[in-house]
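# how would this look folded up:
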Amino acid sequence: MQYSAHSYSVDIVSRKLVVAGLFEGSSVADMELEALDQTLEGQIKLAVSTGDFKGESGDTLFLYGKTGRVLLIGLGKPEKLTPEKIRRAYGSAGKQARQLKVKDAAIIGFKLGETAIEQTLFLQAALEGFALATYRFAKYRSRDQEKHPDMESLTLVSVDDALKAITEKAVEYASILVDGVTLTRDLGTSPAMDIYPESLAQEALKLAGDSIKVEVLDRAKLEELKMGALLAVGQGSNRPAVMIHLEYDPGIADAKTFAMIGKGITFDAGGLDLKPAAGMRDMKTDMCGAASVLGVFKALEKWKPGCKVHGFIPAAENLTNGWAYKPGDVLTSYKGITIEVDNTDAEGRLAMCDALAYAVDTVKPDAILDIATLTGACVIALGHHGTGMFTNSDELAEVFEAASEPTGERVWRLPIWEEYSEQIKSQVADIKNTGGRPGGASTAAVFLMEFVDDTPWIHLDIAGTASEQSYSYVPSKQYATGAGVRLMLEALKRWSEK
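Numbering: from 1, shown residues only. The predicted model follows:
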């Protein structure tokens, strides 16, 4: 999709679907929609004055004039507005545009926020919501493609020349974010027949550029490095495990270093502790943590935070054959910690522990993050409405909580008390890979924490948010949501500036 910013003119809005938002109790003049209303021969004023359109949150009304269709959307009371409410309001508009098979759309900008930063955030959220709602995954659809055209262009129209620079900045940021989320959705929605460790590595290599380097560690290298946990997870598949290493360098002397690890289990059958059919159906999405890291790197070349960023993706298929690892096996991790396999379906933490330890050892980051569709327990705790956050750093918690507000990607801090570490103690090895059903999300987190030493660390469990959301800008429950991309980018920006 092509994004652009323009000042208002009849030519700019003609032959497009025009989306205009009104606050509850506002007038055409308040929203500077007089010029647009003239092309509609006063229909907006009439709809407001008659009470047919009140501007309440969720209100929509189609109007028709000389230049085409205008969709009015209600934004509710301005004092209660947040970027996420804007995102969802314009997501509803984008959803309607997709249903109408619209190819070109224009959003009329609005004034809100006391500072340029706040104004940019609100306009950016409007663009994100609309654009993300128009997403389609049509790669494998061979029929009726012409009946479901993709959106080709989205224009943010400024009715006030004073907002021109802000409008351009909002378009720049929104387009970067949407591109990153789109890549993440594409990868997470693609079937495991096409996305497996080697092909995921190929997707990563496509991101290499002026400021991004990509290296792929193959099975021979993993064996040399003695990554026994990751290798064990992948040994039940004919497709060997790999480790993908991406590096973004802003070219700033003495820049801080941030590392992120994304779980890359490209399909999870559960290993010998085989999942039931219903639980296995959507396990192509078990690599959404890895997809989110790749979505972040897709954006980094243009987003350009002022810190170095390393991405590590341990990629493997957790299948079952004659070589598959077994319950009761004892694995030796890269760090040297021995792990009793209590359940082969708790494989993500095994793959990620080697990546965490390797990242700490090799790039010595100032902070480290991991993101994973890790536990069903987190879905039980938070549903599909928030991401579980675990951390040994109050400072990192504050950064991510602050980043969650403008992005709408909610996080909720869950405990990592010492008692959870007791649950993963093993009688035959240093630790075991599960701690039983009670506190399952927290025992998984303390398992990972064993591998980061004293590095400030944050773990994001996106098992509930990587799919199955019903927000307006997530157009289908069958698609990966792209969870974590916008959150991590905003957090990186804030962390690099501290």
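
# My reading is that Val214 lies in a strand. Confirm?
Yes: under DSSP: H, G, I helix; E, B strand; the rest coil, Val214 falls within a strand.

# For it, which non-adjacent residue is closest in space?
Ala208 (4.6 Å; CB to CB, 6 or more residues apart in numbering). For glycine as for every other residue, the C-beta is placed from the backbone atoms N, C-alpha and C.

# do the same with Asp210
Residue nearest to Asp210 in three dimensions, not counting chain neighbours: Glu301, with 7.3 Å by CB to CB, 6+ apart.

# Is the one you found in a helix, a strand, or coil?
Quick answer, by three-state DSSP: Glu301 is helix.

# hang on, it packs against Lys206?
No: between Glu301 and Lys206 there is no contact under CB atoms under 8 Å: 11.8 Å.

# Neighbour count for the two, which is higher?
Per other CB atoms under 10 Å, whichever of Glu301 and Lys206 has more neighbours is Glu301, with 15 against 11.

# pLDDT score for that one?
Glu301 carries a pLDDT value of 89.

# ok, and for stretch 134-152, which residues are buried?
134-135, 137, 151 (16 or more other CB atoms under 10 Å).

# Taking those, tell me the two that lie furthest apart.
Phe137 and Met151 (13.7 Å; CB to CB).

# show me the biggest strand of the chain in terms of residues.
Across the chain, the longest stretch assigned as strand under DSSP state E is strand 308-318.

# Partner strands of that strand, with direction?
Within its sheet, and counting by DSSP bridges, strand 308-318 is paired with strand 242-248 (antiparallel), strand 257-262 (parallel), strand 264-268 (parallel).

# Let's have those in CSV, adding mean neighbour count, mean pLDDT and distance to Leu414.
Below are the strands paired with strand 308-318 laid out as CSV (neighbours: other CB atoms under 10 Å; pLDDT from 0 to 100; distance: least, CB to CB, whole Å):
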stretch, mean neighbour count, mean pLDDT, distance to Leu414
strand 242-248, 24, 98, 28
strand 257-262, 27, 98, 19
strand 264-268, 29, 98, 22
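
# Using CSV, please lay out the ones you listed together with distance to Phe451.
Compiled in CSV, the strands paired with strand 308-318 are given as follows (distance: least, CB to CB, whole Å):
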stretch, distance to Phe451
strand 242-248, 14
strand 257-262, 10
strand 264-268, 16
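
# So which of these is nearest Phe312?
Between the strands paired with strand 308-318, strand 257-262 lies closest to Phe312; by CB to CB that is 4.7 Å.

# Tyr248 contacts Asp210, doesn't it?
No: counting by CB under 8 Å, Asp210 is not a contact partner of Tyr248; they are 10.3 Å apart.

# which residues do the two both contact?
Shared contacts of Tyr248 and Asp210 (CB atoms under 8 Å, 6 or more residues apart in numbering): Glu301.

# Tell me where the stretch 201-350 of the chain has helices.
Counting by DSSP state H, counting those that start in this stretch, the stretch 201-350 of the chain has helices at residues 219-224, 228-234, 277-280, 288-303, 348-363.

# so which of those helices comes closest to Leu127?
Nearest of the helices of the stretch 201-350 of the chain (CB to CB): helix 288-303, 14.6 Å.

# Check whether Ala324 really touches Gly236, as I assumed.
Yes: counting by CB under 8 Å, Ala324 touches Gly236, with 3.1 Å between them.

# Could you check which of those two has the larger neighbour count?
Higher neighbour count among Ala324 and Gly236: Gly236, with 22 against 19, using other CB under 10 Å.
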